[in-house]
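In: can't give you the sequence, but here's the structure:
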């Protein structure tokens with residue numbers, strides 16, 4: 001594997017999402033309300049709203065309270081059929097879906113949601129007491145992005161919800177702009193030499209900061225118009241509903257066509273839901289302002305000091321960014337990712353830079369599978385697979401090392417390539433497809449910034465494994 005293909009969105013998005021997700025999750029565990037819950041994105045009409053589906057009223061009450069306390073708008077449903085109707089009428093930002101429900105269970109509800117173009121993009125997290133692997137696999141195969149095992153922990157619930165809501169909102173906001181800026185950045189990278197590697201990182205963060213600041217500014221521009229329009233719309237809608245109520249009161253004998261149409265559009269539901277929708281939109285403008293402030297804060301500067309970080313969260317967020325590239329294409333099946341996590345302590349590091357290392361290695365693996373598919377050398381009996389394994393190595397009472405092993409079952413690389421894989425400007429890709437700097441920068445981040453090691457082992461026809469080892473000089477808490 002060589003450095004990632006230029007122009008790929010994930011390479012630059014890793015730093016954006018890592019920092020923004022950190023802002024969004026910063027309130028968890030401190031007892032503070034999350035201040036960076038995403039609000040309405042300009043021009044899209046989306047809000048920070050979660051639809052919770054469970055046939056047990058007690059579960060709905062508990063989950064709703066947790067999410068409302070965190071600043072979310074919450075809609076609830078006691079059945080899969082009702083949830084489908086709610087999602088159609090008012091698509092939420094995220095759906096928490098119970099699996100075991102009568103009539104239409106969670107799996108079937110998820111299938112119908114993903115088969116509908118209007119609701120397919122909505123991320124779905126399963127809430128389930130089922131712990132067997134097959135149930136989880138079934139959920140992911142149907143399109144779910146995550147799952148929470150009952151009984152759930154409040155912090156885990158909020159962390160997963162925040163992560164997927166923030167990812168959805170940021171991806172929608174940045175998608176159109178990132179490609180152009182990434183291409184410009186990679187053009188600049190082609191002109192750099194070994195002494196400029198550190199400048200590459202600084203330039204990326206500077207360009208990203210300017211972009212985020214510009215986005216925050218553009219969000220504020222329509223915010224006043226949206227807020228003003230909502231006020232007038234609320235008044236007009238109330239007048240219309242009052243007029244409709246008077247009509248129903250003084251003309252109870254309505255024509256059959258009118259009766260049928262009111263049933264078709266579910267007039268009672270619309271009359272109840274529309275005012276709530278406008279109220280949610282008004283509240284969303286306040287959350288949008290909070291998000292804009294958070295983006296501006298991020299764009300001003302990047303941290304120069306190490307911070308305590310959860311490495312598993314960094315790996316998971318990177319995989320979420322790459323999720324669209326892991327999915328199947330016409331010429332290859334879906335790339336399966338196996339996560340084999342051990343219990344690790346939090347460690348002080350530069351999490352954004354480590355995410356860049358992970359992004360480079362994982363993107364290279366995906367590029368390699370794509371290349372094999374294009375060349376027709378991908379195995380038809382052995383699906384593409386990437387395994388990520390973490391472990392804690394106890395070298396002595398005072399010396400401990402975190403090990404991250406990223407291994408694929410691809411075509412491997414010859415000895416001549418393996419010996420030069422971390423050299424600057426070395427690439428195995430065609431002209432215009434690789435700069436030869438991605439893995440050189442990754443090696444510099446691990447070795448120079450974190451006093452660790454980054455090594456590679458590979459066997460042609462068997463696959464490649466990158467091993468990252470990071471010494472633990474500081475530890476704060478533990479994570480599973």
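Out: Structure's in. What do you need? Just so we're clear, the structure is a prediction, and the values are computed from it rather than from any experiment.

In: was I right to think residue 114 contacts residue 143?
Out: Yes: using C-beta atoms under 8 Å, residue 114 is in contact with residue 143, at 4.0 Å. For glycine as for every other residue, the C-beta is placed from the backbone atoms N, C-alpha and C.

In: overlap of the contact sets of these two?
Out: Taking C-beta atoms under 8 Å, 6 or more residues apart in numbering as the criterion, residue 114 and residue 143 both touch 120, 124.

In: find the centremost residue of the protein, please.
Out: residue 167 (3.7 Å; C-alpha atoms, centre = their mean).

In: show me what counts as buried in the helix or strand hosting it.
Out: Assigned by DSSP states H and E, residue 167 belongs to helix 154-189. Within helix 154-189, the residues that count as buried by 16 or more other C-beta atoms under 10 Å are 157-171, 173-174, 178, 181-182, 185-186, 189.

In: the helix or strand where residue 52 lies pairs with which strands?
Out: Per DSSP H and E, residue 52 falls inside strand 49-53. Strand 49-53 pairs in its sheet with strand 73-77 (parallel), strand 94-98 (parallel), by DSSP bridges.

In: so which of these is nearest residue 401?
Out: Across those, residue 401 has its closest neighbour in strand 94-98 (37.0 Å, C-beta to C-beta).

In: show me which positions of the closest one end up buried.
Out: 94, 95, 96, 97, 98.

In: who touches that strand?
Out: Applying C-beta under 8 Å, 6+ apart, the external contacts of strand 94-98 come out as 49-56, 59, 63, 80, 83, 87, 106, 109-110, 113, 122-128, 144, 148, 161, 164-165, 168.

In: now the end-to-end length of stretch 115-126.
Out: One end of stretch 115-126 sits 17 Å from the other (C-alpha to C-alpha, to the nearest Å).

In: could I get the strands paired with strand 49-53 as TSV with distance to residue 448 and mean pLDDT?
Out: Listed next are the strands paired with strand 49-53 as TSV, based on distance: least, C-beta to C-beta, whole Å; pLDDT from 0 to 100:
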stretch	distance to residue 448	mean pLDDT
strand 73-77	46	92
strand 94-98	39	93
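
In: how about these, which one is nearest residue 242?
Out: Closest approach to residue 242 among those (C-beta to C-beta): strand 73-77, 24.5 Å.

In: can you tell me what sits against the closest one?
Out: 47-54, 60, 63-64, 67-68, 83, 86, 90, 92, 280, 283-284.

In: hmm, back to that, relative to helix 154-189, how tilted is the strand holding residue 52?
Out: Interaxial angle of strand 49-53 relative to helix 154-189 (axes from the mean of the first three to the mean of the last three C-alpha atoms, to 10 degrees): 130 degrees.

In: same question for strand 49-53, mean pLDDT?
Out: Strand 49-53 shows a mean pLDDT of 92.

In: what comes up buried for that strand?
Out: Taking 16+ other C-beta under 10 Å as the criterion, strand 49-53 shows 49, 50, 51, 52, 53 as buried.

In: now stretch 308-315
Out: 309, 310, 311, 312, 313, 314, 315.

In: give me the subset of the residues you listed lying in strands.
Out: Of the positions in those, residue 309 sit in strands, assigned by DSSP state E.

In: how about a markdown table for the buried residues of stretch 308-315, with pLDDT added?
Out: What follows is those, written out as a markdown table (pLDDT from 0 to 100):
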| residue | pLDDT |
| --- | --- |
| 309 | 82 |
| 310 | 85 |
| 311 | 88 |
| 312 | 88 |
| 313 | 84 |
| 314 | 81 |
| 315 | 86 |
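
In: which one of the buried residues of stretch 308-315 is nearest to residue 354?
Out: Nearest to residue 354, judged by C-beta to C-beta, of these is residue 314 at 5.8 Å.

In: what about that closest one, distance to residue 367?
Out: 21 Å (C-beta to C-beta, to the nearest Å).
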